[in-house]
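Q: Build me a model:
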Amino acid sequence: MELYLNTYGTYLHKKGEMFEVRIEDESKRISPKRISSIIISNAAQITTDAIQLALEYNIDIVFLDKYGNPYGRLWLPKLGSTTYIRRKLLEIYQEDAGLEFVKNWLNRKTENQLRFLKEIIKKRPSINFGDKVGEIVRLRAILNNFNGQLSDLALKILGIEGNISRIYFKIISMLIPDRYTFSGRSSRPAKDPFNAFLNYGYGVLYSKVEKALIIAGLDPYIGLLHTDNYNKKSLVFDFIEPYRTLIDEPVFYLFSRRRIKPEFYTDIKNGFLLNEEGKKFFITVLMEHFDDRIRHKNRNMKNINQIQADAHAFANFLIGKRKYY
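A: Here you go, the predicted structure:
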């Protein structure tokens, strides 16, 4: 399980060989054997002995900002990273394999988007989305036909990916209640409640992807498509793409089924932000969705665990332990 500290004033410390979480006059003890991560998304206190206990059990501690993006992390003490894996990751940027990996990730992202759109469009037969879906398919074909150096094609690829996303979110906007429709993706701040939920969800997902890469021995800062911008976890931005529908789907259903309340978000200057009540509600929904069982790589696993499986597969391919990614 993951321990989320998202209530203002929460206090986490060590009690014997257990964690004790205290919120006002209530407290609860939890065995470290039951916890995989501790995520802190609001003003909370954590003692050094609790930090030590977490690290002894390979529990990473993640700090999220108000948008849900991880701004700090206490790393696991036993990482799978090796210099060889990092060197191979740098090498493939100048090889054909670099482009193929990027095409694979974006193709999987688009396949997941098309699958999701097909699922939600069939419930609205009165609206014809054929032209828009057809344009997504056309753009994906252009992307798959690219050949050459990734460094020469990066801007074109990002442009096509951006166009696909714009069409995708336009369709989604047309399928939620009218009062929540939006004109496109927005962040920092979100221009509407739908994007506020998306942004917070993506922030949680960034943390999951970063952890998976670290455990697999991959350097989050060595990217392919997004390149290694200073202080940017470029590989996280690359690797997250196929899994974004893990956030899109629950957010869409929350809005389309009218489960969103005005009490879940706050109006701020030029936008909207999830408040404490909204974060508590949304995290519970996300964790349930992450725990859903799927079939992936011929194995039954939790929805969220496909990220770790794919990160290990990528790292093992880079160092020759797998013939195919």
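
Q: For the closest residue to Glu2 other than its chain neighbours, list each beta-bridge partner.
A: Once flanking residues are discounted, Glu2 sits nearest to Ser37: 4.7 Å by Cβ to Cβ, 6 or more residues apart in numbering. Every C-beta, even on glycine, is put in place using the N, C-alpha and C of the backbone. Per DSSP bridges, the residues bridged to Ser37 are Glu2, Asp60.

Q: How is this structure divided into domains?
A: 2-64, 83-318 (automatic domain parsing).

Q: picking up where we left off before, just confirm the residue nearest to Glu2 contacts Phe63, I think it does.
A: No: using Cβ atoms under 8 Å as the test, Ser37 is too far from Phe63 to be in contact (11.6 Å).

Q: show me where the stretch 1-150 of the chain has strands.
A: With DSSP state E, counting those that start in this stretch as the criterion, the stretch 1-150 of the chain has strands at 2-5, 10-15, 18-23, 26-30, 37-40, 44-46, 60-64, 70-74.

Q: Pipe those into CSV and attach mean neighbour count per row.
A: Converted to CSV, those look like this (neighbours: other Cβ atoms under 10 Å):
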stretch, mean neighbour count
strand 2-5, 20
strand 10-15, 18
strand 18-23, 18
strand 26-30, 11
strand 37-40, 20
strand 44-46, 17
strand 60-64, 21
strand 70-74, 15
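
Q: need those in JSON lines with distance to Asn147 and mean pLDDT, can you?
A: Formatted as JSON lines, the strands of the stretch 1-150 of the chain follow (distance: least, Cβ to Cβ, whole Å; pLDDT from 0 to 100):
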{"stretch": "strand 2-5", "distance to Asn147": "42", "mean pLDDT": "85"}
{"stretch": "strand 10-15", "distance to Asn147": "52", "mean pLDDT": "90"}
{"stretch": "strand 18-23", "distance to Asn147": "52", "mean pLDDT": "91"}
{"stretch": "strand 26-30", "distance to Asn147": "52", "mean pLDDT": "89"}
{"stretch": "strand 37-40", "distance to Asn147": "40", "mean pLDDT": "86"}
{"stretch": "strand 44-46", "distance to Asn147": "50", "mean pLDDT": "87"}
{"stretch": "strand 60-64", "distance to Asn147": "39", "mean pLDDT": "86"}
{"stretch": "strand 70-74", "distance to Asn147": "35", "mean pLDDT": "83"}
